[in-house]
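Peer 1: Show me the folded form of this:
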Amino acid sequence: MTNEYIVLKASDLLLASFFILLAGAFSLAFHLRIERRLFVAAARTVIQLLLLGLVLEWIFSQDTPVPVLLILAFMIFVAGREAVARLKNRYPLILLDTTLVMAASAVIVGSMVTQVIIGVKPWYHPQYVIPLVGMILGNSLNGVSLALDSFLDYLRHRREEIELYLVFGATRWEALRPPMRSAIRRGLIPIINAMSVAGIVSLPGIMTGQILAGVPPLQAVAYQILIMFMLAGAYTLGTMLATFLAGRKLLDKETRLALEKIR
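Peer 2: Model (predicted):
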């Protein structure tokens, strides 16, 4: 068997668009009224991915860390903004907090994986750094969003419980421990579920891609295990930092619960 991957042509992608047309036809037949959104989403997918491909082609051809750092900074900002966009409750400077959380996850977890475990040389090698950091950001923002949503909802609906802790002399972090614990637990649900069914119910994306590219299955499995553990670390770090920063703003040093900041 050959290890060469199969090259997809424009005509192949045109044939693949049949599935979008089929989904649109079902929407029309059953009056779902989502065909417009479906076609717009498909068009955005094509445009965004083509632009990304062109940008990556250019970055891969450069021998300097500057474009890599610029695109990583942009990805971190977008990830922080998307984490906020999914929340029904917010507080002042929450975008700054989520951006800092995304940056910390990308730098700490990304550096550990690319520099210590894989040993990427040079350290800014875009073929490894950009996809791995992208996976960290794209996945951990879900955990951060879920954790913050749970944390802020807990503070709003169980205010009396927290204030009772404070009345009996609890410190700020003792009073915030139950909502933080609940929020972090909820934020970790997606990655725990993903790890639980990996290889049995689902064949993870990076493993599938590597197998299609001709990588030996066991080597693809090794990379997938690394990715799953990496994401578990990113989820944990992100949810803990997000709830910690939110707690600092909503329960001050005088142990006053400032729920009026939540809007």
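Peer 1: buried residues in the longest helix along the chain?
Peer 2: Determined from DSSP state H, the single longest helix within the chain is helix 217-250. Neighbour counts over helix 217-250 (16 or more other C-beta atoms under 10 Å) mark 220-221, 223-224, 227-228, 230-247, 250 as buried. Placement of C-beta: from N, CA and C, glycine included.
Peer 1: Mind listing residues that contact stretch 237-252?
Peer 2: The list of residues contacting stretch 237-252 from outside it, by C-beta atoms under 8 Å, 6 or more residues apart in numbering, reads 83, 91-94, 97-98, 100-102, 104-105, 108-109, 140-141, 143-144, 146-148, 151-152, 155, 162, 172-173, 175-176, 179-180, 183-184, 187-188, 257-259, 261-262.
Peer 1: are any of those buried, and which?
Peer 2: Applying 16+ other C-beta under 10 Å to these flags 83, 91, 94, 97-98, 100-102, 104-105, 109, 140-141, 143-144, 146-148, 151-152, 155, 162, 172, 175-176, 179-180, 183-184, 187-188, 257, 259, 262 as buried.
Peer 1: ok, now which ones touch Ile136?
Peer 2: By C-beta under 8 Å, 6+ apart, the contact set of Ile136 is Ser105, Ala106, Val109, Gly110, Met230, Leu231, Ala234.
Peer 1: pLDDT and distance to Ala194 for the residues you listed - can I get that in CSV?
Peer 2: Below are the contacts of Ile136 laid out as CSV (pLDDT from 0 to 100; distance: C-beta to C-beta, whole Å):
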residue, pLDDT, distance to Ala194
Ser105, 94, 17
Ala106, 94, 19
Val109, 96, 16
Gly110, 94, 19
Met230, 94, 12
Leu231, 93, 8
Ala234, 95, 12
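Peer 1: Give me the residue ranges of the chain where confidence is low.
Peer 2: Across the chain, residues meeting the criterion (pLDDT under 70) sit at 1-5, 201-204, 253-255, 258-259.
Peer 1: quick check: domain ranges of it?
Peer 2: Domain assignment for the chain by automatic domain parsing gives 1-61, 65-261.
Peer 1: Give me the phi and psi for Lys9.
Peer 2: phi -100, psi 170 (degrees, to the nearest 10).
Peer 1: And for it, the neighbour number?
Peer 2: Lys9: 8 surrounding residues under other C-beta atoms under 10 Å.
Peer 1: go on, Phe18?
Peer 2: 9.
Peer 1: Doesn't Leu32 lie inside a helix?
Peer 2: No: judged by DSSP: H, G, I helix; E, B strand; the rest coil, Leu32 forms no part of a helix; its state is coil.
Peer 1: quick one: contacts for it?
Peer 2: Phe26.
Peer 1: Quick check: the gap between Glu174 and Asp252.
Peer 2: According to C-beta to C-beta, to the nearest Å, Glu174 and Asp252 sit 15 Å apart.
Peer 1: can you check Phe168 too?
Peer 2: According to C-beta to C-beta, Phe168 and Asp252 sit 18 Å apart.
Peer 1: Please apply the same query to Tyr223.
Peer 2: The value you get for Tyr223 to Asp252, if C-beta to C-beta is used, is 45 Å.
Peer 1: cool, and Met230?
Peer 2: In terms of C-beta to C-beta, Met230 sits 35 Å off from Asp252.
Peer 1: Same question for Pro217.
Peer 2: Separation of Pro217 from Asp252 (C-beta to C-beta): 54 Å.
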